[in-house]
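[1] pasting the structure only:
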């Protein structure tokens, strides 16, 4: 596909933000590869929930490009068209789902909640883990329809290549840590499920005429609070991590 088709002169913010995210992914990837953005330097980065949360944020920036930039089939802004068709609107131009909804879903939960949970996770590792429930559940949201329908959907490739292994490893790591364990993992999965349920429930309410565009967008902006709030509650009383230790040789 010609680059000019991806970036027409009349491109709106709703179509531009995934590419801004891709630009932001570059310094984030460099910092992660260089061993930065750590929460606990007494363990390897792959056993550090904070580093894994940042890695999940990076993975999600790539995922957003496949969903809302250009998908693996070369279709620009493909996810909204698929979503509209799912709800019975095969023509995206006539679909009532506002582009502002797509933007409001994605920017707060990835660009804001991901980094915030990573920073909070320096003192409460469970909060860094909590955010990883979002890509974990999102993987199932792509995988299940792909299996049932036997077809590709926008975002499937990055969900399988990036989200699935990262989520599986993060949960395995958490189950082996006394300060996390089964309760934190269960809360993380539940938080991801609840976030997606609120997302879809509010969209259904909008399509049924029960709420307006403003409230629909507002719900998406607030929705990312759910996973860390839920995990904070179910892990209340667990040990808070001490300040990050100095790096030890070979801890990268």
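    Ah, there it is. Note that the coordinates shown come from a computational prediction; the quantities given were computed from them, not determined experimentally.
[2] residue ranges of the strands in the protein, please?
    Counting by DSSP state E, the chain has no strands to list.
[3] what's the distance between residue 149 and residue 114?
    Using C-beta to C-beta, to the nearest Å, we find residue 149 at a distance of 29 Å from residue 114. Heads up, the C-betas are built off the backbone N, CA and C, glycines and all.
[4] Looking at these two, which has the bigger crowd around it?
    Taking neighbours as other C-beta atoms under 10 Å, residue 149 and residue 114 compare with residue 114 leading, 26 against 9.
[5] List the contacts of the nearest residue to residue 89 once chain neighbours are set aside.
    Counting by C-beta to C-beta, 6 or more residues apart in numbering, residue 95 is the residue found nearest to residue 89 once chain neighbours are left out, at 3.9 Å. Residues counted as contacts of residue 95 (C-beta atoms under 8 Å, 6 or more residues apart in numbering) are 80-81, 84, 87, 89.
[6] Please repeat the previous calculation with a cut-off of 10 Å.
    Contact analysis of residue 95 by C-beta atoms under 10 Å, 6 or more residues apart in numbering lists 80-81, 83-85, 87-89, 207.
[7] Model confidence at it, what's the number?
    We have a pLDDT of 97 for residue 95.
[8] Residue numbering should commence at 117 henceforth.
    Got it, the first residue is 117 from now on, which makes the last one we talked about residue 211.
[9] Now the phi/psi pair for it, please.
    Torsion angles at residue 211 (phi, psi; degrees, to the nearest 10) stand at phi -80, psi 130.
[10] List the contacts of the closest residue in space to residue 170 that isn't next to it in sequence.
    Ranked by C-beta to C-beta, 6+ apart and with sequence neighbours excluded, the top spatial neighbour of residue 170 is residue 153, at 4.5 Å. When contacts are counted by C-beta under 10 Å, 6+ apart, residue 153 touches 144, 147, 161, 164, 166-167, 169-171, 173-174, 231, 234-235, 238.
[11] if you set the cut-off to 7 Å instead, what comes out?
    147, 166-167, 170 (C-beta atoms under 7 Å, 6 or more residues apart in numbering).
[12] most surrounded residue in the residues you listed?
    Per-residue neighbour counts (other C-beta under 10 Å) across the contacts of residue 153 peak at residue 170, which has 28 neighbours.
[13] Could you count how many residues lie near residue 205?
    Residues near residue 205, counting by other C-beta under 10 Å: 16.
[14] how close does residue 279 get to residue 273?
    10 Å.
[15] in the longest helix seen in the chain, what's buried?
    Ranked by residue count and defined by DSSP state H, the top helix of the chain is helix 297-323. Buried residues in helix 297-323, defined by neighbour count with 16 or more other C-beta atoms under 10 Å: 300-312, 315, 318-319, 322-323.
[16] And the average pLDDT for it is what?
    Confidence over helix 297-323 (mean pLDDT, whole number) is 97.
[17] which ones are touching the nearest residue to residue 231 once chain neighbours are set aside?
    Once flanking residues are discounted, residue 231 sits nearest to residue 173: 6.5 Å by C-beta to C-beta, 6+ apart. Taking C-beta under 7 Å, 6+ apart, we find residue 173 in contact with 144, 226, 230-231, 234.
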